[in-house]
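Chemist: Have a look; sequence and predicted model below, questions after that.
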Amino acid sequence: MERMKLGGSAVEVSRICLGTMTFGNQTAEADAHAQMDAALEVAMTFMDCAEMYPVNPVRRETIGLSEEVIGRWLARTGNRDRVEIATKITGPSQMVRDGAPFDGATVTACVDTSLRRLQTDRIDLYQLHWPVRGSYGFRQNWGFDPSGQDKAQTLAHMRDVLGALSEAVTAGKIRAVGLSNESAWGLARWCDVADEIGGPRMAAIQNEYSPLYRLYDTDLAEVAVNEDVTLLSYSPLAAGLLTGKYASGAMPEGSRAAVDKATGGQGNLGGRKTERGLAAAEAYGRLAAEHGWDVVHMVIAWQLTRPFKVVPIIGATTMDQLRHLIAGLGRDLPDDLRRGIERLHRAHPLPY
């Protein structure tokens, strides 16, 4: 598998990343270990986690469990030097630290906690999961209101956090740093403050990106290209919406939507499962079929054609799903199919 460096860092990773957010919940530990084995067999060495995982739902009693699952795999197999591990510190969330925002001291403590869970001496990419000032991620863009932000306070926070991250890098605990669910202004300021204080520059930004959700394409992409930051794209299949399994009102047993609904959620895939979203997903499915492609394989191949650095994160609840994803890797997207995707993007802009 092709490899690339994350932004301007020295951390080299596989071009595709294995997501682990269901490990320890929807994906049992034995199955999770089997997935990591299978990923390594095809040289997919990059694996992404977070302290708040597993999700769907996030529960206080399971915080950190996905990291522990990975840690036990690393300890059992001795594969630490063969893989790159990414994880994240959670931003304001009622399920983690009772919603308290993180600061430099919190970062220092949480790095050590993640290292213990992962049973390793280093984290290859340590990410800030949510901005403490708020975010437009997960459909909050429809009512996003930054008017209450305080620039001086935000910049002071960035200096504090980057100071802690710098100490962790110097200590060898983390190799590179990144963001998640950030905006263009936030990414630019993190880079500026890092330069100002001599701290580590952001190497990656993990934001949602798929044919159905392309907010990244404009301002964020421009900042990332000019500041040499790699996109780690999560939900490249729109949380399964693009697979077609929810077409015609279907709700497959064990699917993300079904599990969410059974545990008190709305079952709408975090706001993605809308009338327009379903219509757009069906259109992409038809396009793929017309060109003799599986829609899942088409979507992942399309991500690798984008005019900026991107590493898609593929997550699978089951081993069969992961095998299906892996089977489509390494194919080049034909130009006529890429043009078809752009036509559908204009016909179905931001459908949720």
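Modeler: Alright, I've got the coordinates. All values reported here derive from a predicted model rather than from experimental measurement. Numbering: from 1, shown residues only.

Chemist: switch to C-alpha atoms for all contacts and neighbour counts from now on
Modeler: Fine.

Chemist: Who are the contact partners of residue 182?
Modeler: For residue 182, the contact set (CA atoms under 8 Å, 6 or more residues apart in numbering) comprises 130, 131, 135, 137, 205, 207.

Chemist: Quick check: phi and psi on residue 88?
Modeler: Main-chain dihedrals, residue 88, degrees, to the nearest 10: phi -140, psi 150.

Chemist: if we can go back for a sec, for the contacts of residue 182, pick the one with the most neighbours.
Modeler: Using other CA atoms under 10 Å as the neighbour test, these are led by residue 205, with 27 neighbours.

Chemist: in the sheet, who's paired with it?
Modeler: Listed by DSSP bridges, the beta-bridge partners for residue 205 are residue 179, residue 231.

Chemist: Starting from residue 205, give me the distance back to the closest residue to residue 312 other than its chain neighbours.
Modeler: Closest residue to residue 312 apart from its sequence neighbours, by CA to CA, 6 or more residues apart in numbering: residue 233 at 4.8 Å. According to CA to CA, to the nearest Å, residue 233 stands 8 Å off from residue 205.

Chemist: burial count for residue 287?
Modeler: 19.

Chemist: pull the CA atoms of the lengthiest helix in the chain into CSV?
Modeler: For the chain, the helix with the greatest residue count under DSSP state H is helix 151-170. Below are the C-alpha coordinates for helix 151-170, written out as CSV (Å, rounded to 0.1, in the frame of the first residue of the first chain):
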residue,chain,number,x,y,z
LYS,A,151,-10.0,35.8,20.3
ALA,A,152,-7.6,36.7,23.1
GLN,A,153,-8.9,33.9,25.3
THR,A,154,-8.7,31.4,22.4
LEU,A,155,-5.1,32.4,21.6
ALA,A,156,-4.1,32.0,25.2
HIS,A,157,-5.7,28.6,25.3
MET,A,158,-3.8,27.6,22.1
ARG,A,159,-0.5,28.7,23.7
ASP,A,160,-1.2,26.7,26.9
VAL,A,161,-2.1,23.6,25.0
LEU,A,162,0.7,23.8,22.5
GLY,A,163,3.1,24.2,25.4
ALA,A,164,1.9,20.9,26.9
LEU,A,165,2.1,19.2,23.5
SER,A,166,5.6,20.5,23.0
GLU,A,167,6.7,19.0,26.3
ALA,A,168,5.1,15.7,25.3
VAL,A,169,6.9,15.8,21.9
THR,A,170,10.3,16.6,23.7
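
Chemist: Return the set of buried residues in that helix.
Modeler: By 16 or more other CA atoms under 10 Å, the buried positions in helix 151-170 come out as 154-155, 157-166, 168-169.

Chemist: just stretch 31-49 next, same as before
Modeler: Within stretch 31-49, the residues scored as buried using 16+ other CA under 10 Å are 31-33, 35-40, 43-49.

Chemist: can you tell me which of the residues you listed are in helices?
Modeler: Going by DSSP H, the helices hold 31, 32, 33, 35, 36, 37, 38, 39, 40 from those.

Chemist: CA-only coordinates of the helix-or-strand element of the chain with minimal mean pLDDT in PDB, if you can.
Modeler: When each helix and strand of the chain is scored by mean pLDDT, DSSP states H and E, helix 256-262 comes last, with a mean of 84. The C-alpha trace of helix 256-262 is given here as PDB (Å, rounded to 0.1, in the frame of the first residue of the first chain):
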ATOM      1  CA  ARG A 256     -25.300   2.000  13.100                       C
ATOM      2  CA  ALA A 257     -28.700   3.500  12.700                       C
ATOM      3  CA  ALA A 258     -30.500   0.500  14.300                       C
ATOM      4  CA  VAL A 259     -28.100   0.400  17.200                       C
ATOM      5  CA  ASP A 260     -28.500   4.200  17.800                       C
ATOM      6  CA  LYS A 261     -32.300   3.900  17.700                       C
ATOM      7  CA  ALA A 262     -32.200   0.900  20.100                       C
END
